[in-house]
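Asker: A structural model of the following input is requested.
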Amino acid sequence: MGIKLEYLQDLQFKAYSDNGNGYSVLLDTSKEAGGNDEGIKPTDLILAGLAGCSSMDIVSILKKKRQNITDYRVNVTGERAETHPRVFTKISIIYEIKGKNIDEQAVKRAIELSKDKYCSVWAMLKNAALIEWSYKIENI
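Answerer: Purely as a prediction, here's the structure:
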């Protein structure tokens, strides 16, 4: 498991998965910071990693519990320290699940299992920042 990073221009890079699948992500920063504002910021990737890692767990668990999910979204926000290295101090996650007869206890349990047992990104971040989570269920 690894990433290869290629410099493009200014503060713009392309990150490639080294497993040969050809997937890449364009990294950049704001124009004020010397970038072109054309790609995702590295700190945003941390939030995306948390959302993706936990969501893969949660959706997998909910499918095993035969929950009929028709739409699933996650909103993640992060607060950072004022001084460098400007680490995340607080992260808030809101899981939004829509489906037919979604069981609230199943959702809560799936999130807790991801948080406490399965999600490696959550495990890495929980000692660095306060992570708050909540969920919204819309039964149709």
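Asker: from here on, just use CA atoms for contacts and neighbour counts.
Answerer: Noted.
Asker: can you list the domains in this protein?
Answerer: 3-33, 42-139 (automatic domain parsing).
Asker: if I pick G2, what's in contact with it?
Answerer: Residues near G2 by C-alpha atoms under 8 Å, 6 or more residues apart in numbering: S17, D18, N19.
Asker: I meant S54, not that one.
Answerer: I111, S114, K115, Y118, C119, V121, W122.
Asker: mean pLDDT lowest where, among the domains of the chain?
Answerer: Per-stretch mean pLDDT for the domains of the chain is lowest at domain 3-33 (a mean of 93).
Asker: Y16 reaches Y23, doesn't it?
Answerer: Yes: counting by C-alpha atoms under 8 Å, Y16 touches Y23, with 6.0 Å between them.
Asker: tell me the buried residues in stretch 29-48?
Answerer: Using 16 or more other C-alpha atoms under 10 Å as the test for burial, stretch 29-48 gives T29, G35, N36, D37, G39, K41, L47, A48.
Asker: next one: phi and psi at the third one?
Answerer: The phi and psi values for N36, taken as degrees, to the nearest 10, are phi -110, psi 0.
Asker: would you mind measuring from the residue lying closest to it once chain neighbours are set aside to D37?
Answerer: Closest residue to N36 apart from its sequence neighbours, by C-alpha to C-alpha, 6 or more residues apart in numbering: S30 at 6.0 Å. Distance, S30 to D37, by C-alpha to C-alpha, to the nearest Å: 5 Å.
Asker: test my guess that T29 contacts L11.
Answerer: Yes: look at T29 against L11 with C-alpha under 8 Å: they come within range, at 6.8 Å.
Asker: what sits in contact with each of those two?
Answerer: Here T29 and L11 have G35, N36 as joint contacts, going by C-alpha under 8 Å, 6+ apart.
Asker: which strands and helices lie in contact with the helix or strand containing Y7?
Answerer: Assigning secondary structure by DSSP states H and E places Y7 in strand 3-9. Applying 3 or more C-alpha pairs under 8 Å, 6 or more residues apart in numbering; DSSP states H and E, one finds that strand 3-9 contacts strand 12-17.
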